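Peer 1: my questions concern the predicted model and sequence given below.
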Amino acid sequence: MAQYARIAAVLGPTNTGKTTYAIERMLAHRTGVIGLPLRLLAREVYDKIVELRGPSVVALVTGEERIVPKRTQYWVCTVEAMPDGMGCDFLAVDEIQLCADPDRGHVFTDRLLRARGLHETLFLGSDTMRSTIAQLVPGVEFVRRERMSQLTYTGSKKISRMKPRSAIVGFSVEDVYAIAELLRRQKGGAAVVMGALSPRTRNAQVELYQNGDVDFLVATDAIGMGLNLDISHVAFSSLAKFDGRRMRFLMPNELAQIAGRAGRGMQDGTFGVTGEAGPLDEEVARAIMDHQFTPVRKLNWRNAALQFGSTDALIRSLERAPDDPLLLKSRDADDLLALKALAQVPEIRARASDGPSVKLLWDVCRIPDFRGISHAEHATLLDDIYAFLHQNGRVPNDWLAQRIQRIDRTDGDIDTLSKRLAFIRTWTYVAQRSGWVDDESHWRGETRAVEDRLSDALHERLTQRFVDRRTSVLLRRLKQKEALLAEVNDQGEVTVEGEFVGRLEGFRFRQDKDASGQEAKTLRQASVQALVPHFNLRADRFYNAPDTEIDFTEQGGLMWGTEAVGKLTAGADPLKPQIEAFVDDEAGTEVIQKVQRRLQHFIDRKIAALFEPLLALGRDETLTGLARGFAFQMVENLGIIPRAQVADDVKALDQEARSALRKHGIRFGQFTIFMPLLLKPAPTRLRLALWSLAKGLDVFPEAPPPGLVTVPTDPQSPEGYDSMAGYRAAGTRSIRIDMLERLADMLRAEDSRAGFEAKPDMLSITGMTLEQFADLMQGLGYHAEQGERPKVKPVASAAPAVTETAETPEESTATAETPTADAVEPGLQADPAAEADAPAPDDAAPDADVQPQAGDSATDGVANTDVVADEAESHSDAAPETEVFYTFTWGRRSQGNRARGGRGRPQQDREQAKGGGKPRGKGKPRDGKPRGGPKGAKSYQARPPKKEKPIDPDNPFAAALMGLKTKD
């Protein structure tokens with residue numbers, strides 16, 4: 001050294017700018033070398049100096065990386081890789097307190113005792129080294145640097161409540177992965193930094209954190225060695241670690257080294273514990289905050305004056321004890337253990353017979369065990385390498401290529417890629433050694449390329465596993481308070497800043513179901529903020545959409561195409577429902593009101609179109625008296641009223657009132673008073689929805705399929721459903737009310753007292769089999785008596801079987817109005833005689849278009865009297881075939897019919913059963929002859945004959961009624 005060379009120890013806590021000071025001092029000299037504890041930190045310092053002086057004068061030398069330009073002036077190295085005897089003007093060693101480290105301390109102690117710059121030497125580290133440096137380094141100058149920010153202990157805090165820009169420290173790979181996975185679920189992700197990562201992977205992960213893609217960092221204690229990161233809080237997930245031999249608690253100065261990463265520059269920092277780590281003792285926490293620690297008393301040391309005469313001499317020199325009481329013989333390191341193992345191999349002892357061979361063996365033993373395998377396995381690898389080098393002077397190209405090729409794969413998970421990176425580091429180290437391979441530059445390039453590929457793949461796997469990029473991107477943009485860009489495709493999929501976040505259904509946002517916790521809140525916040533313009537544009541498009549694009553469901557929902565945009569709610573009037581729009585609150589009040597107004601317009605127009613006859617009836621001011629009251633009931637019941645409910649009101653209507661009501665399309669049927677136009681499928685569907693709303697039903701019953709004459713009767717359906725659906729329950733099936741009226745016209749012509757059988761026309765209009773028809777008739781109040789008789793075959797084959805489907809209401813109501821009775825329905829008549837004698841209704845005429853339809857046929861119960869004589873003769877010897885038939889008679893004594901609402905007369909029924917009593921009510925002879933006996937016999941009545949009502953000239957069947965009257 002020069003006569004006045006400076007030796008200084010720059011000591012102090014973390015965040016004092018010691019490393020930055022050393023870089024400035026080195027660049028003030030013509031040449032210099034700086035030793036750093038980690039290759040990650042070496043790469044960081046190298047990049048800084050390259051930015052200042054350019055790559056042509058800066059070298060980087062680590063165990064696995066060697067960049068040495070021809071004009072090198074400044075050397076950035078790991079402490080182990082610092083060149084000896086270079087004679088640089090400046091020399092610095094960072095983190096000098098590692099002299100006390102059990103594993104690597106002897107290397108730092110050797111640099112403290114022997115490494116010097118020609119003009120200036122700096123030792124950077126903790127203030128705990130002051131006394132030992134003062135005793136071991138004569139003439140040393142001490143420079144005390146104070147921390148630029150405050151460090152405060154905040155106690156224990158859950159990971160879920162950890163504030164952004166925090167680093168959580170774990171001391172095992174398993175802990176680091178578990179914490180990172182938890183942060184991904186709760187906070188959107190975390191970057192991972194470990195000492196075992198390659199510089200390329202580490203830098204990529206740090207970039208995720210530094211640029212704000214993630215707000216959390218999970219790391220091992222590697223971040224304590226001078227890595228400069230933007231960290232505001234450090235949390236320890238554990239206070240103990242495995243040091244290679246045993247689990248032990250960290251010393252306060254070790255905790256301080258890591259905690260000191262919080263708060264960079266003038267920004268204050270905090271530290272604490274989390275997870276299973278218990279709170280720090282008050283004394284420990286205070287020592288960390290005040291930077292007061294126990295001084296280092298002993299330094300680990302290993303003899304640097306090695307003897308290469310033989311393996312035994314080398315081992316003895318390595319195991320020599322120090323003379324100075326401040327130095328402590330270090331425990332056996334991995335290189336010494338490998339040397340001892342190989343020295344026991346006879347072939348190795350034979351090869352290492354001279355000084356150069358022993359020195360070569362020692363160089364091979366210093367290959368680090370990057371793979372972390374057992375000492376025996378590592379020694380086997382070193383044995384192979386030493387044999388190649390000793391015999392051939394080189395590691396064979398094909399042998400090295402095979403091992404590199406096995407590693408050069410980027411498939412697999414994080415652990416697999418991490419192991420491959422550890423393996424390639426071994427061959428990178430071998431390639432860096434001068435003279436060990438044929439083409440050093442080629443193999444360095446090969447191993448570096450493989451390491452880069454593996455590093456990129458590992459970074460990708462780490463990011464995929466521990467970073468939810470979608471959430472992290474949205475969080476960053478939200479913090480930057482920038483306008484987020486959202487896109488909605490034809491399928492309603494929403495992407496914000498290119499990340500899928502959910503779907504837009506109508507005017508409601510459905511976020512991705514995979515999100516949960518904090519991630520879900522972030523997605524919701526970012527998505528609705530970005531979707532506000534889309535909500536307004538969509539509302540404008542919806543408001544101007546035609547009614548054909550909007551529809552209602554049978555459950556009262558309102559649809560815009562395939563998207564639900566609202567629902568109907570009950571109003572004060574069944575025909576005036578209200579609207580509830582399905583719009584997110586974040587869309588804004590204007591959008592909500594616009595959607596609500598459009599839906600209200602739609603449903604109002606839909607009701608006006610489908611219920612136009614009913615609404616016209618309610619608005620007709622020419623109706624007065626009983627007619628106006630009856631019109632009000634029709635509107636209130638949505639155009640369908642069972643006649644039994646209004647029997648007295650119907651009787652009270654005169655012909656003029658009925659004529660006025662008929663002009664509005666009201667049909668007075670024997671069973672139901674209804675408006676045929678409202679039986680069409682569309683009005684029926686809407687009527688059921690409005691009726692269900694008015695009833696306050698939770699589940700709306702659905703309308704029967706259109707075109708069916710009968711449907712199964714649902715005993716669980718709400719009361720009144722059959723009428724609103726346009727059907728009447730009769731047994732196990734319900735029959736459409738307009739077809740029931742046509743059937744009633746046919747039944748009126750039958751003798752229900754003596755009994756009658758079903759006609760083909762009856763079966764045809766109902767579309768039923770004989771058994772089904774019998775059940776229907778019993779549901780209407782008739783008795784059905786089953787019998788058997790010989791079957792008479794018809795002349796021609798039977799017509800095609802009758803299907804369930806018949807004409808739709810609009811087809812059936814297009815014909816002339818079917819005659820109905822003004823008297824109560826058969827289920828309310830007093831006795832069969834009265835029903836048989838009842839004349840045709842005075843306001844109706846026989847239905848001219850109730851004819852057997854083409855393709856209709858009778859069932860097995862209807863006999864055909866046309867037979868073929870020769871067939872009868874040919875089968876005279878065979879057993880006659882039988883057929884089932886039913887005879888129907890009026891059955892008012894049925895308790896079940898009274899339960900349906902009929903008002904029977906038990907006393908009169910009993911008299912009728914005995915043959916006595918007088919029938920009551922109007923009627924007409926079923927056979928066209930007067931009742932009471934032979935022609936000319938007297939007939940008796942319960943009261944004088946009622947004056948016949950005049951025929952209403954406005955009745956559409958007036959001409960037919962006049963013809964019948966003339967015929968009679």
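Peer 2: Structure received. Numbers count the residues shown, from 1 in each chain.
Peer 1: part of a strand, is residue 738?
Peer 2: No: going by DSSP: H, G, I helix; E, B strand; the rest coil, the assignment for residue 738 is helix, not a strand.
Peer 1: ok, it to residue 44 distance?
Peer 2: Separation of residue 738 from residue 44 (CB to CB, to the nearest Å): 90 Å. No exception for glycine: its C-beta is placed from N, CA and C like everyone else's.
Peer 1: neighbour count: those two, which is higher?
Peer 2: residue 738 (25 against 20; other CB atoms under 10 Å).
Peer 1: gap between the more buried one and residue 37?
Peer 2: From residue 738 over to residue 37 (counting by CB to CB), the distance is 96 Å.
Peer 1: over to residue 792?
Peer 2: Remark: distance between residue 792 and residue 37 (CB to CB) = 114 Å.
Peer 1: check residue 647 too.
Peer 2: Distance from residue 647 to residue 37, by CB to CB: 104 Å.
Peer 1: so if I had to pick from the two, which one is more boxed in?
Peer 2: residue 37 (26 against 17).
Peer 1: show the average pLDDT along the strand ranked longest in the chain.
Peer 2: Determined from DSSP state E, the single longest strand within the chain is strand 563-573. Mean pLDDT, computed over strand 563-573, is 92.
Peer 1: which helices and strands sit right next to that strand?
Peer 2: If you count contacts as 3 or more CB pairs under 8 Å, 6 or more residues apart in numbering; DSSP states H and E, strand 563-573 packs onto strand 557-560, strand 576-581, helix 589-610, helix 681-695.
Peer 1: okay, the angle between it and helix 589-610?
Peer 2: 70 degrees (axes from the mean of the first three to the mean of the last three CA atoms, to 10 degrees).
Peer 1: what comes up buried for strand 563-573?
Peer 2: 563, 565-568, 570 (16 or more other CB atoms under 10 Å).
Peer 1: okay, now the sheet partners of that strand, with direction.
Peer 2: Strand 563-573 sits in its sheet next to strand 557-560 (antiparallel), strand 576-581 (antiparallel), going by DSSP bridges.
Peer 1: what number of residues lie near the residue lying closest to residue 574 once chain neighbours are set aside?
Peer 2: The shortest distance from residue 574 to any non-neighbouring residue, by CB to CB, 6 or more residues apart in numbering, is to residue 694 (4.3 Å). Other residues lying near residue 694 total 16 when counted by other CB under 10 Å.
Peer 1: now do the strand or helix carrying residue 430: distance to the chain's middle.
Peer 2: Assessed by DSSP states H and E, residue 430 sits inside helix 414-432. Centre-to-centre, helix 414-432 and its host chain are 40 Å apart (CA atoms, centre = their mean, to the nearest Å).
Peer 1: and it, what other elements does it pack with?
Peer 2: Using 3+ CB pairs under 8 Å, 6+ apart, helix 414-432 sits against helix 397-407, helix 440-466.
Peer 1: tell me which of those sits nearest to residue 283.
Peer 2: Proximity to residue 283, assessed across the helices and strands packed on helix 414-432 by CB to CB, is greatest for helix 440-466 (35.7 Å).
Peer 1: pLDDT of that closest one, averaged?
Peer 2: 90.
Peer 1: which parts of it count as buried, going by neighbours?
Peer 2: For helix 440-466, by 16+ other CB under 10 Å, it's 443-444, 446-448, 450-451, 453-459, 461-463, 466.
Peer 1: and what of stretch 51-70?
Peer 2: By 16+ other CB under 10 Å, the buried positions in stretch 51-70 come out as 58-67.
Peer 1: enumerate every residue touching residue 623.
Peer 2: By CB atoms under 8 Å, 6 or more residues apart in numbering, the contact list for residue 623 reads 617, 631, 660-661.
Peer 1: pretty sure it sits in a strand.
Peer 2: No: under three-state DSSP, residue 623 falls outside any strand and is assigned coil.
Peer 1: gap between it and residue 612?
Peer 2: According to CB to CB, residue 623 stands 17 Å off from residue 612.
Peer 1: before we move on, back to that, next, the angle from the longest strand of the chain to helix 681-695.
Peer 2: Going by the same axes, to 10 degrees, strand 563-573 makes 60 degrees with helix 681-695.
Peer 1: hmm, who's touching strand 563-573?
Peer 2: So strand 563-573 is contacted by 492, 505-507, 542, 550, 552, 556-559, 577-583, 595-596, 599, 603, 689-690, 693-694, 696 (CB under 8 Å, 6+ apart).
Peer 1: and it, how far out from the chain's middle?
Peer 2: 27 Å.
Peer 1: low-confidence ranges in the stretch 451-600 of the chain?
Peer 2: Applying pLDDT under 70 to the stretch 451-600 of the chain flags residues 469-486, 490, 497-499, 513-523, 526.
Peer 1: related to what we said a few turns ago, for the helix holding residue 430, which positions count as buried?
Peer 2: Buried-residue list, helix 414-432, by 16+ other CB under 10 Å: 414, 416-432.
Peer 1: now that helix: mean pLDDT?
Peer 2: Helix 414-432 comes out at a mean pLDDT of 90.
Peer 1: and that helix with helix 440-466, angle?
Peer 2: 160 degrees.
Peer 1: tell me the angle helix 414-432 makes with helix 397-407.
Peer 2: 160 degrees.
Peer 1: can you show me the CA trace of helix 414-432 as PDB?
Peer 2: Output in PDB follows, covering the C-alpha atoms of helix 414-432 (Å, rounded to 0.1, in the frame of the first residue of the first chain):
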ATOM      1  CA  ILE A 414     -41.900 -24.200  -9.200                       C
ATOM      2  CA  ASP A 415     -39.900 -26.700  -7.200                       C
ATOM      3  CA  THR A 416     -38.800 -28.600 -10.300                       C
ATOM      4  CA  LEU A 417     -37.600 -25.500 -12.000                       C
ATOM      5  CA  SER A 418     -35.800 -24.400  -8.800                       C
ATOM      6  CA  LYS A 419     -33.900 -27.600  -8.700                       C
ATOM      7  CA  ARG A 420     -32.900 -27.300 -12.300                       C
ATOM      8  CA  LEU A 421     -31.600 -23.800 -11.600                       C
ATOM      9  CA  ALA A 422     -29.600 -25.200  -8.700                       C
ATOM     10  CA  PHE A 423     -28.100 -27.800 -11.000                       C
ATOM     11  CA  ILE A 424     -27.300 -25.400 -13.800                       C
ATOM     12  CA  ARG A 425     -25.500 -23.200 -11.300                       C
ATOM     13  CA  THR A 426     -23.000 -26.000 -10.700                       C
ATOM     14  CA  TRP A 427     -22.100 -26.200 -14.400                       C
ATOM     15  CA  THR A 428     -22.100 -22.400 -14.700                       C
ATOM     16  CA  TYR A 429     -19.500 -22.400 -11.900                       C
ATOM     17  CA  VAL A 430     -17.500 -25.100 -13.700                       C
ATOM     18  CA  ALA A 431     -17.600 -23.100 -17.000                       C
ATOM     19  CA  GLN A 432     -16.400 -19.900 -15.200                       C
END
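Peer 1: that concludes my questions; thank you for your assistance.
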